[in-house]
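Engineer: Would you be able to build a 3D model of this:
(chains A and B)
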Protein chains: 2
Amino acid sequence: MRIIRDVSEMQAFGQAHRGVRVGFVPTMGYLHRGHTSLMALTRPRCDQLVVSIYVNPLQFAPTDDLTRYPRDLDGDAEKCAAVGVDVLFIPEGFYPATFRTQVVVSGVTSRWEGAERPGHFEGVTTVVSRLFGVVQPTVACFGEKDYQQLTVLRSMTRDLALPIEVLSGPLVRDTDGLALSSRNVYLTATQRERARSLHRALFAVRDAPAAWNLGQRTAAGRALVDSDRLDYLAIVDADSLEPLPDDAPVTAPARVIVTARYGGVRLLDNVAVAPTPAL
Amino acid sequence: MRIIRDVSEMQAFGQAHRGVRVGFVPTMGYLHRGHTSLMALTRPRCDQLVVSIYVNPLQFAPTDDLTRYPRDLDGDAEKCAAVGVDVLFIPEGFYPATFRTQVVVSGVTSRWEGAERPGHFEGVTTVVSRLFGVVQPTVACFGEKDYQQLTVLRSMTRDLALPIEVLSGPLVRDTDGLALSSRNVYLTATQRERARSLHRALFAVRDAPAAWNLGQRTAAGRALVDSDRLDYLAIVDADSLEPLPDDAPVTAPARVIVTARYGGVRLLDNVAVAPTPAL
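Structural biologist: Residues are numbered from 1 along each chain as shown, chains lettered A, B, ... in the order given. The predicted structure is shown next:
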């Protein structure tokens, strides 16, 4: 496995491989089975598999956890090598000093994480745009764990007509049901135990009796979350991320999304909900 | 010459030609020798030459001249064929109904046309991003006539690490010295005669005695412009477009830029100024 730190060198690699299928999994490192599952999903769909590790300052607010975001480059490199990654891109000096461009997706960014973290998605779409330019992938893979991010990046790719297939990989849970996240390392044992209420609440919403309307489902779900602060739990349209009306059944693919805080740690989780069968 | 109107068909062409050099000249049509000079410049540097004609609504304000922008598709097609264009792309339904992405360059967009036409450059960078995605050129060519636009698009391409070489072609003047522009057709004979003061003013600034400082040069230039309204005449750094200090000599490549109005028609012109030789 080749490790590239120089942006120009990575660009040259992208240019030299225009004729073949280049797969790409961008990450912020501290890799877990959620990340490696995306690599394994992409591996058979490309000739060259590139993984990036870059903790992008643009997507963190000053009050966010940028400086204490967990890092383990040696462990990450081992995991990438084990899953057959060809190039590990760990950029140094990723943004040029004169960098002044932003890629902004509106609509699907306005609610949920977009409302809780102003500027976050602009940071994500901007860094991914530049990573796409440098790596020039034919296929890129993102996790469904960050469901809104996936939706935003799909919108961006479609709107800018990028010649890139966007794949997604399912959320991966730990043995106790908690969604895998690099930030889980910061939870105390007690917080972790309480955080198991998140997936239980999501599953309860998903598996509620078909006769319950969406208002009843979300109320039940919210009541089940044990957290220091519940930022949101909502049933949303799977494409637009607009909340579905409380008094209606689910008629199109939907997603239950939840974000809650445990001390300084925000945890996200989500699950798909199939449309309610007509009675 | 092939004419493509369908966005997906153009995208398929771009994908099918990933292995060869694709040249691209985006235009808003009503082509003149300024446009065809860009095509001629790009022709020997590519295997397939694509020209687009699209009057992009995103870069016009409600008060701008979108609906009366001049059109002549038959004449345009003849001119493209004569200069060896392979594909003329005249998109229909260019933006998807769900389109919600903007590409925004700050800094170099804040002054001059950016200040006079709020939202204009966001429209330009967004349409060019999507055109780049659809056409997938290896080389793209823009005119120095729209000097700030060229600078903005160079910034965007560099910031997003797009694998595209940006070429520029010199401004082309009519026999009477007026910079060629599709909008010249709207000038009355009297306005056109008065508009010749624009290039005369620019040349006077450029050719002023070496002992004159920049304040003296711009004052002299402004006094020479005969227009209904002079939006700006300034000597700016050729890269940053920041105005140069009045009391200094020119020490780096600079540009004199001017925009003035004749009735409802805004005309742009510019000329390069070499650094003043040290005394």
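
Engineer: Mind listing what's buried along the longest helix anywhere in chain A?
Structural biologist: If you go by DSSP state H, chain A has its longest helix at helix A:189-206. By 16 or more other C-beta atoms under 10 Å in any protein chain shown, the buried positions in helix A:189-206 come out as A:191-192, A:194-195, A:197-199, A:201-202, A:204-206. Where C-beta positions appear, they are placed from N, C-alpha and C, glycine not excepted.

Engineer: These into CSV, with extra columns for pLDDT and distance to chain B?
Structural biologist: Shown next, in CSV, are the buried residues of helix A:189-206 (pLDDT from 0 to 100; distance: C-beta to the nearest C-beta, whole Å):
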residue, pLDDT, distance to chain B
A:191, 98, 36
A:192, 98, 37
A:194, 98, 37
A:195, 98, 33
A:197, 98, 34
A:198, 98, 29
A:199, 98, 31
A:201, 98, 30
A:202, 98, 27
A:204, 97, 32
A:205, 96, 27
A:206, 95, 27
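
Engineer: dump the residue contacts of the residue lying closest to residue A:53 once chain neighbours are set aside.
Structural biologist: Distances taken as C-beta to C-beta, 6 or more residues apart in numbering or on different chains place residue A:29 nearest to residue A:53, at 3.9 Å, with adjacent residues excluded. For residue A:29, the contact set (C-beta atoms under 8 Å, 6 or more residues apart in numbering or on different chains) comprises A:53-55, A:70-73, A:76, A:182.

Engineer: Sort out which of those residues are buried, if you could.
Structural biologist: Members of the contacts of residue A:29 classed as buried by 16+ other C-beta under 10 Å are A:53-55, A:76, A:182.

Engineer: which of the residues you listed sit farthest apart?
Structural biologist: Spatially, the most separated pair among the buried ones among the contacts of residue A:29 is A:54 and A:182, at 13.3 Å (C-beta to C-beta).

Engineer: any common contacting residues for the two?
Structural biologist: The contact sets of residue A:54 and residue A:182 overlap at A:28-29 (C-beta under 8 Å, 6+ apart).

Engineer: Which parts of the stretch 101-250 of chain A are strands?
Structural biologist: Along the stretch 101-250 of chain A, the segments classed as strands by DSSP state E, counting those that start in this stretch run A:101-105, A:139-143, A:165-169, A:229-237.

Engineer: Specify the angle between the first one and strand B:101-105 in degrees.
Structural biologist: Calculated by axes from the mean of the first three to the mean of the last three C-alpha atoms, to 10 degrees, strand A:101-105 forms an angle of 160 degrees with strand B:101-105.

Engineer: Restricting the selection to alpha carbons, write strand A:101-105 to PDB.
Structural biologist: The C-alpha trace of strand A:101-105 is given here as PDB (Å, rounded to 0.1, in the frame of the first residue of the first chain):
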ATOM      1  CA  THR A 101     -14.000  28.600  -3.000                       C
ATOM      2  CA  GLN A 102     -17.000  27.100  -1.300                       C
ATOM      3  CA  VAL A 103     -19.500  24.600  -2.600                       C
ATOM      4  CA  VAL A 104     -22.900  25.100  -1.000                       C
ATOM      5  CA  VAL A 105     -25.900  22.900  -1.200                       C
END
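
Engineer: count of residues packed around residue A:150?
Structural biologist: Residues lying near residue A:150 (other C-beta atoms under 10 Å in any protein chain shown) number 19.

Engineer: shouldn't it be in contact with residue A:156?
Structural biologist: No - checked against C-beta atoms under 8 Å, the pair residue A:150 and residue A:156 is beyond contact range at 10.9 Å.

Engineer: Stretch A:3-13 vs chain B: in contact?
Structural biologist: Yes - Stretch A:3-13 lies within reach of chain B by C-beta under 8 Å from any C-beta of the partner chain, at A:7, A:11.

Engineer: Fine by me, we can end here.
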